[in-house]
Every structure is written in C-alpha cells, then in structure tokens.
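Student: coords below, sequence missing:
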C-alpha cells in the first residue's frame, strides 16, 4: 500500500508532463498514466506541479560567524516550508581540529535536530599541512566537497593561492569538488582599513570595500589554479556579471568550471546597504549585493546554463544583538543573510512568472543540478522510479506577501519583506512521508537523516 | 494487455536509470520499478539500454538532385534498422509550385511507402513573391519549419539575403523555425568557375571551391539577419570549428541561434575526396568534409551543447550512374551522402565509446532535441508516460564492421565501409509495434504515418 | 632663397616639438633649431602649430548622385580653407565605360579647376567582366585604390559578393587597396520597400531602413572575403560601434583590415533626421547618423588606432533643389553631406580640446595615415625634409561659430551650423606656395595638380 | 662647428627617409636635405641607417641575486657596442633601507663607471609601511617608475596583492608608472617544493615549476588591480602568448596596460634548459623560456603594438662560480641572462630581416617607446632637432656570428652563441660624442650621466 499522487504536472530539469506518481516506502515506485488506485493513499494534484524536493547546497547552520553563531538545525523547518528537503551544510573547522573531526562534530550538532536530510561540506578555516592528506578519508565519510575562501584575509578563513592550488591537486586525486569563495582578500582588507581610517564605518562601506573588480579578479584566478591542477572547480555565490564571464568562457573552452548564485543577488540591490538607522546591516553579505544590471545578467546566466545552481547561502542571524554588533564598525557586522525559506518563491515569482526562467531550468538549479554536483544523484533531486520520494506538490494559485511575520527562519527580519509571492509548496514529502501540508509542518523533530555522498560528481563529467 | 520491457536501463536526454517500461496501445503507459507482469507480452532488456526512437530531421528522399533523383521512401527501412523511427524530410519545391502544394505532393510520395513516421520540412527552391504569404497555411498543415539555401548561386535553390530576411520576418510571425544552409554561394560560384577554367575538374576541386571561410562567413550572416528579424534561426550541417564560433557566441549573447552537424563531419575528413579513380566522388557533399581538427571541435560542441542536433543529411545516391555524372566536371557530381542507417552507430561507437559524448547527450542530439526543435515534442523523442511508444532496445555487446554488404540503404556503397561498429538496435518499436527484431525488419510496408507538427518549437523558448 | 617658418610647434603623427622649418621650391628642405634667416621669406609661427596639409581621401566632386550631380572641383577652395591640401576623389564609372576611361574623364573634370592636389580612386559602378582585368592599367595610371558598394542593391552601384571577391583577388595581384562600403544592400532594399508600402516616406525612414545590424553584418563579411582572397581591405565610413568590432578583431588577429570614419559620425546623431519640415533631409547620408554611444566608441577607436583614417565623405549637395528631390519619398533624397571644410575643425574642437584625441593622433588620421594607405607617402602627409611642402600654420587661439554664412563649400546649408569652432588654419602652403592667409584664399584657380599614386601602400605592410 | 652625418637613411618609430643630420654640442641641431658642410666634422652614412640610440629599460647591474651579485657598471660598454646609449637600471632595496636611499646608493655605484647614460627604477624588495609614502620624493629625484614582484614568494622580493594595490594607488597620485613581474609566486613555490621533494633538482625543473598558466593568471590579476586603483600598469618580460592576451584585451578596452618582452623570449626556447651537464643552468631566467609558438606570438605582438617595448633583462652572471651555485638544487641557480649587447642584433637579424618586424617598429620598441614610457622623452629615444644626440650609424652589410669570444659583457658565455648576426652599429654617438667606431669603444670610462626622468610618461596618455 503506497501513496498515489494523481493528475499532477510532473516537472523535471528538462521536461514537464502530466502523469500519476506512485510512492512505496521511501521511494518512487512508478510514474504513469492512469495508475490504478488500489488501496493507496490518494492525493489529487490536478492543477498543481510536482517538483523534486529542493536541495540547498549552501547553508550555514550553527556556524561560528565573527563573534556570534548562526541559528541551529531546529530552524531547518523553514527549509521544508520552502520546498527544500535536503541541505548540504558548510562545516566550520575549529582551530586545531582536523577536517574529518570537524565533520564528525558538526554531524552531531545536526543529528536529532534537522528536519531535512543533510549532507556536510568540508570547509578550510584552519590551514594546516595535515589537512591536505585528509581528503581520501573525507570521501570515505561521504564528504566529496570542500570549500576554501580567497577572501577574509587576516582571519583563519583565508586561504592563500598556495593552499587553494594544493587543495585542488588533492581534490582531483580524491574525486572531490573544490568550491571557492572568490574575492580578492588582499584588496578588501586594504579598502576596509582605508575606509575605517577615513571614519566611514557605516554598513554601506561594506559595499565600497568589495567593488566588483575584487570578484572579477578572483574568479578567473580560481579557474586558472584549477586548470593548473587539472581539477574541476565550483565558484560559490557569483554576484556580478563581470565575474560570470570567466565561468562562461571556461565552459566555452570546455573546462569544468561551474558556478552558483543566490536568490538575493537575483532581486536585491546594493542600495539596501544605504538604508538609514543602521538598517543597511540587514543586507550585509559577501560578496555584497550589486546592481540591477547584474541581476539581469545572473538571470540570463541561469536560463542559459552559464550558472548551474542556486543556493541560499542561508545564515540565520538576527538584526537585534547579532547584526548590531557592527554598529560602530562595518567590518564587525556578521556576514550573511537569512533566506532558506524563500529560495523557491523567488525563483518562481521573480523568475518563472517574469519570463526569465523556464520551469525546467528552475527545477534544475533548485534541485537536480545541486544533487548532481554534490554527489547525491540519482538518489535525490530528481523524479524517477527508484529515487527517494522527496517531492513537492506546488500550488501555483497561492498568493501571499513575504513577511517576517509568516516566516519560519527564526530570524527577526526577512530580506524580502513585502515581496509578492505567487505559488507555494502545498504538500512536501520527505522520503515518502508527508512533512508539510497546507503550509503547516506535519513531520517530526530530528527526522532528517545524514546523506553520505559520492565522489566524482557531475563536475567530473564536464556538465 | 500491453508490452512490458523489463530490467533495461532507460536513457533520456538527461538521465539514465534502471526501470521497467509498460506500453499500452501506441503509447508508453508507465515507467516504474517492478511493474507487475500480468498478461503483458514481456521483453527482458537486462544489460541493454532503452532509448527513445531516433528522429532524423535532415533527410532527402525522392529528392531531385542535379540531373537525378535520390532513392525513395521504400528505403526508409534503413532508418529503422539504425534506430531511427521518425524523419523530417525536406520537400523540394518544383518550379512554379507553391510551398504548400509541394508539401502535399511530397506527402503523397511518402504515404504508403515510408516505414518510419515522417514529417516534412518546407524548402525554398523557387523564390516567388507569393511564398512569403504561405507560412500560416504551412503551420496549419503541420509544417512549422522551412529551409533556404545561401549556397548554390546560379540555381533555383539559391536564396539571396533579401529572401532569407523576408522569410525570417514571416517565420517569426507564424512561429516557424527557419533553417539555413550557410555557405557563401557567390564565392563558391567564383571558385568553381576558376577551377574549371584551370582544368581542375576532379572531385577534390569540390573541397577547394568551398573553403571553410565561405561557411565561417555565411553562418554569422544568417544569424545577423535573424537578429534583424528578431527570429530564431537554425543552421543545418555545421561542418567546421570556425563556423561553430558564431553559434556559440550567439548563445553566449542569449540569442536563439542553433545548429546541427552530421555524422560524416564527425568522423570523415576531406582527404577522402582525393581518392583515386574518381572514388572521391562518393564523398561529395556540401559543406564538404573538413579536417580532423574540425571533427574534434564538433564533438566538443555536441558534448557542451553549442550544437544541439545530429541529422544524417541522408541522400540515397548510387556511385554508379549517379555520382558518376560528374566524372568530367566536379560541379556535376550530385551532392549528398547516404548515412541514415549509421547515425546511431557513429554516435555510439565513435562518440560515447571514445569518451567524446555522454549517453545522455547522445540521446539528446539523436532524438530529443530534434523533436523539440521541429515541433514533435513531447509526442516523440522522449520516454515519458503518454508519449508515443517509439523506442529502441540497444544491445551494447553487438560487434560488427560497417559495410555496404549489410546495409539497407539501397545505395551501392557505404561511406563508413570498414568502420568498427559496437552495439546496435536489437529491437525497435514504432508506436508500440515491434518493427525490428534481431536486426531484421518485422514491420509492414507503408506503416509510417505523417506527423503534423506544432509551431513555436523549442527555438522560441531559447533552448 | 626659401621660406622659413620660425618658432612653431611641429606636430607629426607621433611627435610634437619646437623647431624652425625651411621650404625651398616645392619641398621641405630642413627642420632644425635656429635655422639662419639668410634671405628667406620669414613667417613667425610662435604660439602656433605646424601641421602637415590634410589629405581627404573620401570626396565626391562633380559626382552623379541619384538624379543630380554634386558640386564641382571649383569648390575645393573649401578644402584649402579647412587645412586640406590634397584630396582623393571617387570616380564614378558611367554605364559602359571602362574604369580607366572613367578615370581619364574624371581627371579632365578636375584639371584646371581643383585648387588642391588630387588623386582619383576607381569605383565600381557598372559591373562588367572586363573591369577585373583593368587593375594593372589602373596602378600604372597612379590609381592603386578601388571602391565597391555592398549597398544600393537594385542600382548600378551595387556589387554582389562575387564581384567583391573577384576584385579583391585581382587587387591583391596588382598591389591595390580595395575599399568597401559595407552595408547589406538586400536588407536595406527590403526595409525601404516595406517602409514605403506603409506610407513612411519621410527622411527618418532613411535611418529605419538602415539599422546598425546591416553594417554590423556586412563589415565582417567584407573582411572574410578579403581573408579568402588574402588581400587587405579598407572599410570606408564606419559609423557604429558594432561594425567597429570586426575591424578591431581582425587587427587582433593581425589581418590587414582597416577603417575610416567621418566627422559627422563623430558628432551628429540620428535625431537630426527627425527634424520637422523635411529639414531631416539635410542629414541623409549612408550609413546613416547613429547614436551618441556610437560616437564615443568611434572617438575611442581613433585614439586607440582601431580606426585609422578620418575622411569627410564630402558631397556638395544643396538642400534647395537637390535634397528636396526626395520630399515625397525618402529613397529619392540624394545621399551625402557637405563637410570638407570642417574636418579639421571638428577633430580639433570636438576631439583634441575635449580630451578624446591627442594632437598626434589628430595629425595621423587627418593627413599621415591617409597618405600612407592611399600611396602618396612620403611625398605628402608628413613633415620631413624632402617631402612636398604642404603644410598648415594652425592658430589655436581663433574663435568662431561654424555657419553656412562663412563656409566656402558652395552649399546652401552647413551640417555643423552653430558648433563652436576653436582654432583654424591661419596659413596654408601647397607645395611651398602660400594659398591661404588669414582665412582668405591667396592661390590661383586650377592650381591643383594630379597625384599619381603608388601601389602596395601601408595596408600591405600591415599597419 | 658641429658634426654632420650625410646621406644616411634616418629611421624613426614611424618613418624612414634620407636626409643629413647636424649635431651641435650635445644635441641634434637640424635635419635636412643637403645641409652645407661648412666647417663641420663630416661622416658619410650613405647606405647606412641612422637610428636613435637604444634605451634598455630593463637591466640589472651590480645587483644582488641569490647569494651572488651581477657584474657592475663597467660592463656597460657592452651596451654601447650593441647600440644602446641609455639604460634604466633596477635598484635593489636592501633590507631596512628606504627606496630613496636605495636609489642614492645605487646611483653612487654607477657614477664614474657607467659608460652609458643611466636612469634608475625603484624596486620594492623590502616591503615596509613607510615605502608607500616615498613616491613623491622618488619622482622629485627623477625616478617615476617602480617595480614589484608577484613572484618569489618566501623571499624579500615578493609583494602580495595588498602591497601591489596600495603601490598602484600611490603611483597614480604621483604620476609614477608601476612595473610588475607577473607570475603567481604561490604556485611556483608549491611546485618547486614538490619537484625538490621528488628529487628533480636539475635546471629543467625551473621550467616545470613555472608553467605558462602561472604567468597567464598573474598578468590579468595585475591589470585588474590597476583597474581598481585607476592606475596605468606595465608588465615586464611577457614571455608567452597566453599572458599576452590580457594586455591586448586591456588595450581593446582602452585601459592603459602595457608590456615588454625580451630578446631571449623571441628566439630561444625552453628546450635549452634540458641541455646536459648542467649547461641548462645558463638559460635559467624568470619567466622561463617558452615554446616556438610563443615566440611567433610575441613577434606578432611587437609588430602590431600589443607589446610596446623590448628590454634585455640583462643580468651579468657567469656560468662558472655563479650559475653553478645551483648544481644540486635548481632553485639555487641565480636567475637571469646576459644579453644587453645583442638586443639590436636579435631585433634586426631575427626580426626585420625575417619579415617579422618593420624597421620603424624596431626603432620604436628599441628606443622610442621605452623613452616615452620611462619619462625620458623627447630628450632621448628619438631623432629630432633639440633632442640629445644619441644615435647609431647602423651598417646593414656587416656579417658575423655571435660568440662569447667577441662579446663585451664580461660574462663567460653568450646565450646566442652561434647565431648569425647581420648588421651592426658601426658608429655610436652619445650626446654628440663618438663613443664607438668600427666596433671599438672610443669613449671614456664613466662618461655616462645620470638621467633624472619625468613623471606622467606616455602610459598616462594611454599609448
């Protein structure tokens, strides 16, 4: 006896068609026309879309951030509400700890709390000679992805080119995918110091200290290092058109360089940082928000496949007590924006309905491509017989206005406050279980399961 | 009671996975794990691939060609043997006849003979003022595609830029896709005359009269005309890396210009034209065969999506009595190569097995993308519940050597003579009927059905 | 006994420096510090610039144009007033006449009238098979340059690609430079007919019938034809940034493609065509005027050497009785603008003084580069001992407002009416004779001499 | 009473013509036809070229290098023999010394020894916070150029991006030109350590540790930093085609980025490093020698103006006792090649005579452009009345074979040993004095004079 979803329009990364979908146990059993109802539990999805559950490969839960820590895995309920059934969370490496031990520690923080399935990315935040040798152990632990930062010079997060190059060499040997935060940390540090010295301490200085060229420089640099190491590379949170060019050109030369952008770069601009009364602090993230022209280039890049993934870069940080820490010094504002709940809403309302993105491309950047890049495919991120039954029944007729009042992110503001939202996940299934219904959480605390992931993801196949 | 194919690996344009597939009537009913056998006719596809039936959107059956005519639709049995279940054939417009009447006439030539389903492309071969007004009637007749030639100056095939530009304007209004043969007809005519004047009449002069630059010039010209008309454009049979650039750059600017290449450009080079004893005539096609370096660029373009489609450009022309017509004047050699039977064999043996193409990309360029571009999707070209049950059970373990002796093309030579073939369509289904089994035709003459196609194909969605 | 110009600042295409300059007979004798005054006639040029006399390689005197004829060589006095001492005039080829006979005829029209030295470009306006064989005779007659039109389809001016390609082949053999008017004549004709059919007959339709893409298409086409013929090519009157790209890229690939722009493209925009009461007709030229953004790209191209030459494309056509011929049909407005007198004024006032052009680049595009491209160097276009003493003493302190009232072009309007002019040629010398002084003509009618020019100009040296 | 050079062909950066040239005192007095002989000392230069004296803006005399020091300024006689009359020498900044004091110290080392006139570049080799404030004092001391190294990580030579960016900001304020050695020091250090760890200690490892991508990465990085600082930038010793692209593209975007290459990159390839018996050490320089394909791209870049300058990067280091220091560890081989004497010989014999470079371009890259970039123009580097009389009478008919036996570089080998040389400086004048005649030094020790240079050189004018 299974669960039968009837009459919906199934949307995959490349097709949409009407069919019934039968779930048995934790998996999709079959997809077909007029599947017999038998004794199955029936859901009628007429007039609705059936999407694979979203995969958000860029989240920061329970993460040290400046002198504070982001919200914990309890708040992953916001992910489910937004149609995201799996995340891959970045794992801070505490000083002196190995990468692997950091993973073990972070997994413990998530177990029993996360309501979505979760994988963990490794992340270099304490460069030691020993970490380069850990990569085989990481893949064995289901961690085939690792991020390093070209930014944040002067902090433990920073990796110099030598570190990134060596890591790329080792990643290639281990079938791991190297993810890079590409901004020139040297220049940022110089500009920050110059701005502070001039008494320019307000949030907008965050933008002034990170002009587009610092990203436009670092992005091709990361790609050149990858070429030198003959390794694929994945650029996280591409924010501007100028940085995009290097990725598009690498693809035109058939080199495996890929990139992600985030919903906030698609529909918020840098002017928000100039909001009075320190409200600009709510919009401090790195890279910073850019201009309207950049937004159009990013949408075009998603539609044409020059960028492959949309992740939220979710950081659960309150304004009160957290963002406020930088009131007298913009460099002290904890970086990062909340947004895991609204990723699909932005893609659909601002993308699909405004003609910038096809439904299929939306599904790809939201679920299928992250699954392939991060080594979870075909278990997750797609609607196929045999795949885990993570899926969303999406009601396109829903209307709302995005607001902190109706959010589940456990943060005291919403960056999209006032945006018109059309459509929402009416029902969400996680491994066959109905965990959201009519906009309410119907699952159980800690239901999320750790996802051991596979090496040699799609970046190694060149697409 | 249906047909159940069990245990195969289903391959689509983006995914491959193991599942059972149930056919009922002419359509796919469902795809799932462990579908109950019931009273269905069972085929075990364990160890085999299930592919959508191929769509060859570039064929010339029963087509006037110089002073001769190509083989007729009886010979479409070769298509089926090669895993192709549908074609879209180009429709010669006889002098004085309207485009629509030409379609009606050509459809009559195919009905009762073709063993594959067939659509018909319109083709401008007699430019008259009236033809521009015919486009709405063509789409009504299921013909949303039309080709014009920038080459063949001095013959009725030639269209000048004014004709192409006007046709693009009208095609846009009607939701049709304009297909262009992009070679500079003026330059070719000059070079042909100069070569003939110098007594250089042998087949290799065909190559010398059509250097790469004539295609590298005409391709961006066609795209600029399309931009001026704000219409999508599709470049047929791209043969060289230099021409490719314009298409890739148009995509990078998000303009809907697309392109096809052919199997012979992927694995045969121009040196064949220098074969002694007039054997070079067997390889005369336009654009001409190019160099090994071009082949690698074409493969890379297919894998990376800079070219979208592989069509055969099949012309059933015998060497004896047909190619021989140009023995004393290379310009009299009828242009075109036989190849409809070997399209999948080349893609699999030369592409997939040599690491140049993924299975998914192979399926896309062979079946799914042509279906989308030519307005047959989702009825054909994909494996989905509800789609017509055109499919191939592909046996990867088969071994053979390509030879005219085992071909079904009704032509007295095979351009791939001696190529190692690995894998073949073991069984082919056309709308649910088993029409090839174990390499033998099991269908019936004239079983092919006319395919009325839809306007506003995927070129209008920009992908 | 010579003429000694003391204390001036000599400006060449690459340098400026203070020195005295001694003329003897028709030539420059020496340049030095403190040349002894002896018995020479002395001019003090303190505070003034000494420039080589300008060479305007793009003029149309006494030229059939639609149903009228432009002003004759008497009006070359305007050239002298503007600092231009030599022209190369385009030679209309009357129907049935050979290129060479056309040159002979046109030379007769100029002799005894022109007050500037003059060369003649050949121009294909009646395509016949015989003209391709004339090129050696042309170079022998001192005519190493020939122009053809890709525009004006449906008129005798039009050359198809076959004609241009054959002409390029022959030009290469003869060391001639092929000049091309690069606009897609087919598209223009289609758009003209569509506009007329819609009753859009006013001057602004001239712009609408020639959108930028017709030039952006034809420019790389001309260059590809040149590549195919292995011949240099020179694109006349480049009007827009999009067309410019092809020339810049050809240079980046070290191919000898070069280009000219005109003063009106540098400072007048298309809005002028919308002037009421048919005043827009005064601004009808081909290619049409473009946008402000194009102007900035053209200035940048001149300064950076991506365009090499500024010619006036002077056409002496009155508004009254001539431009008026197209009052009811914009296609009947004779094409072309008067402007030979103001070329230097625009380059200096709009270019140098506004920081867009260095003095050296101004001299290069105004005099030296045309001399080199058109085969007159080092006799003309430069200030060297041994060169002909064509030179300008330029007073940078002069102030005026450009107006038809003070013009010498013998045309009833001035396209730059109201422009502020700073600086003017205070004195002009032609082969050592003072022919302009204080803004008045001091020479004699018909003083201009025919300039036999040399083949293999600088385009063959690749710069 | 002066010096009169008669009948020579004067070659400048843009022209060549026959004229007489009169020197009075230290300067050129006049250039003309048939200058009266009067009481002047007469030299007949019939059949010979007169070139401006060469300016070598990339030399290392008396320079610490690893654990040794290069040859001193006495050996500048080799420069004169090769037609170079001025150098700009790089000034090592000893640990703890200010930039200005380093200049004062290095000037003392040159005074009384150098036989060519000399300017001094500043060079950052001990990064301290105070040095950024020194730039106004440097320009006052006639030093408007400063170099920093992106390579040599782990040594005092290395500057990180922060240092380079800050220096660019300050250079812009002071009108200085920043010169950058663009190789990724991080990657080189990693590769060096890996090679040493693998026991690969021989000279060829020098090449393996510096693949082209380390230069292709660092070059656009330097340009992006310059863009961010809105300052011009000059890339020294560009060695490969891939690095070149960034400079060419910057120029195409009208950004003032410029570059130099060196004679050894134009005609020696990396295979020399594999010479047996440690002979490869003779060819160790950074960037390393590259491939033949790179050489052709560099020549093309010089001819087309994508690179602007050829400097020798002369390092007088003996094989014996100096290069030998790295016999057991390639990282200990002192970097740098001798070559100041052969710069003109290579440009003429390998460039002009092989059709890769025009005479005018040769003069520009050899003398005029360095003079303009480094702030010595128009005093030096050109042949104009008023300029200092530094010039070369070049005999094109001379024939020789380059050999250490006939060299004056005071080094025990010659990297061009065995190259055929055609032409040589028959006579060389330094500020009007004959200092080389018939290939023999006729000047006096220490005759060279310090050249105070001007800020805001030609890089600030964008050309």
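Tutor: Everything's here; your move. Please read all numbers here as calculations on a predicted model, not as lab measurements.
Student: contacts for the helix or strand harbouring residue A:186 next, please.
Tutor: Counting by DSSP states H and E, the element that carries residue A:186 is helix A:185-197. Residues from elsewhere that reach helix A:185-197, judged by Cβ atoms under 8 Å, 6 or more residues apart in numbering or on different chains: A:149-154, A:158, A:201, A:205, A:208-211, A:213-214, A:217, A:329-331, D:160-162, D:165-166, D:225, D:228. Using the backbone N, CA and C atoms, a C-beta is placed for each residue, glycine as well.
Student: filter these down to just the buried residues.
Tutor: Buried members of the contacts of helix A:185-197, scored by 16 or more other Cβ atoms under 10 Å in any protein chain shown, are A:149-153, A:158, A:205, A:208-211, A:213-214, A:217, A:330-331, D:160-162, D:165-166, D:225, D:228.
Student: which of those residues fall within helices?
Tutor: Members of those lying in helices (criterion: DSSP state H): A:205, A:208, A:213-214, A:217, D:161-162, D:165-166, D:225, D:228.
Student: pLDDT for these - can I get that in CSV?
Tutor: Putting those into CSV (pLDDT from 0 to 100) gives the following:
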residue, pLDDT
A:205, 98
A:208, 98
A:213, 98
A:214, 98
A:217, 98
D:161, 98
D:162, 98
D:165, 98
D:166, 98
D:225, 98
D:228, 98
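Student: is stretch A:378-393 in proximity to chain B?
Tutor: Yes: Stretch A:378-393 reaches chain B (Cβ under 8 Å from any Cβ of the partner chain) through A:378, A:382, A:384-387.
Student: now stretch A:238-251
Tutor: Yes: counting by Cβ under 8 Å from any Cβ, chain B has neighbours in stretch A:238-251: A:248, A:251.
Student: list the buried residues in that stretch.
Tutor: Buried residues in stretch A:238-251, counted by 16+ other Cβ under 10 Å: A:238-248, A:250-251.
Student: how about the closest residue to residue A:292 other than its chain neighbours, phi and psi?
Tutor: The shortest distance from residue A:292 to any non-neighbouring residue, by Cβ to Cβ, 6 or more residues apart in numbering or on different chains, is to residue A:269 (5.6 Å). The phi and psi torsions at residue A:269 (degrees, to the nearest 10) take the values phi -120, psi 170.
Student: list the contacts for residue A:269?
Tutor: Residue A:269 neighbours (Cβ under 8 Å, 6+ apart): A:289-292, A:295.
Student: give me the buried subset of those residues.
Tutor: Buried among the contacts of residue A:269 by 16+ other Cβ under 10 Å: A:289-290, A:295.
Student: any idea how far residue A:35 is from the residue of the stretch 251-400 of chain A found nearest chain B?
Tutor: Going by Cβ to the nearest Cβ, chain B is nearest to residue A:385 of the stretch 251-400 of chain A, at 4.4 Å. Distance, residue A:385 to residue A:35, using Cβ to Cβ, to the nearest Å: 12 Å.
Student: same check on residue A:261?
Tutor: Taking Cβ to Cβ, one finds residue A:261 at 38 Å from residue A:35.
Student: go on, residue A:94?
Tutor: From residue A:94 to residue A:35 the distance is 51 Å (Cβ to Cβ).
Student: so between these two, which is more surrounded?
Tutor: residue A:35 (22 against 15; other Cβ atoms under 10 Å in any protein chain shown).
Student: that one contacts residue A:2, correct?
Tutor: No: taking contacts as Cβ atoms under 8 Å, residue A:35 lies outside contact range of residue A:2: 9.8 Å.
Student: overlap in contacts of these two?
Tutor: Common neighbours of residue A:35 and residue A:2, using Cβ under 8 Å, 6+ apart, are residue A:22.
Student: how close does the spatially most central residue of chain A sit to chain C?
Tutor: In chain A, the residue lying closest to the centroid (Cα atoms, centre = their mean) is residue A:311, at 2.3 Å. For residue A:311, the distance to chain C (Cβ to the nearest Cβ, to the nearest Å) stands at 36 Å.
Student: residue contacts, that residue?
Tutor: A:56-59, A:236-237, A:260, A:262, A:343, A:370.
Student: try 7 Å this time
Tutor: Neighbouring residues of residue A:311 by Cβ atoms under 7 Å, 6 or more residues apart in numbering or on different chains: A:56-58, A:260, A:262, A:370.
Student: for it, which non-adjacent residue is closest in space?
Tutor: In this structure, residue A:311 finds its nearest non-sequential neighbour in residue A:58, 2.9 Å apart by Cβ to Cβ, 6+ apart.
Student: how many neighbours does that neighbour have?
Tutor: 26.
Student: toward the C-terminus, what is the element adjacent to the helix or strand encompassing it?
Tutor: With secondary structure defined by DSSP H and E, residue A:58 is part of strand A:54-60. For strand A:54-60, the succeeding helix or strand toward the C-terminus, using DSSP H and E, is strand A:64-65.
Student: just the endpoints, please. Distance across stretch A:236-247?
Tutor: Start-to-end span of stretch A:236-247 (Cα to Cα, to the nearest Å) is 11 Å.
Student: report the distance from it to the chain centre.
Tutor: 16 Å (Cα atoms, centre = their mean, to the nearest Å).
Student: can you tell me what sits against it?
Tutor: With contacts defined as Cβ under 7 Å, 6+ apart, stretch A:236-247 is touched by A:58, A:147, A:179-181, A:212, A:215-216, A:219-220, A:223, A:235, A:257-262, A:265, A:287, A:290, A:293-294, A:297, A:301, A:306-307, A:313.
Student: and if we set it to 6 Å?
Tutor: A:179, A:181, A:212, A:215-216, A:219-220, A:223, A:257, A:259-262, A:265, A:287, A:290, A:294, A:297, A:301, A:313 (Cβ atoms under 6 Å, 6 or more residues apart in numbering or on different chains).
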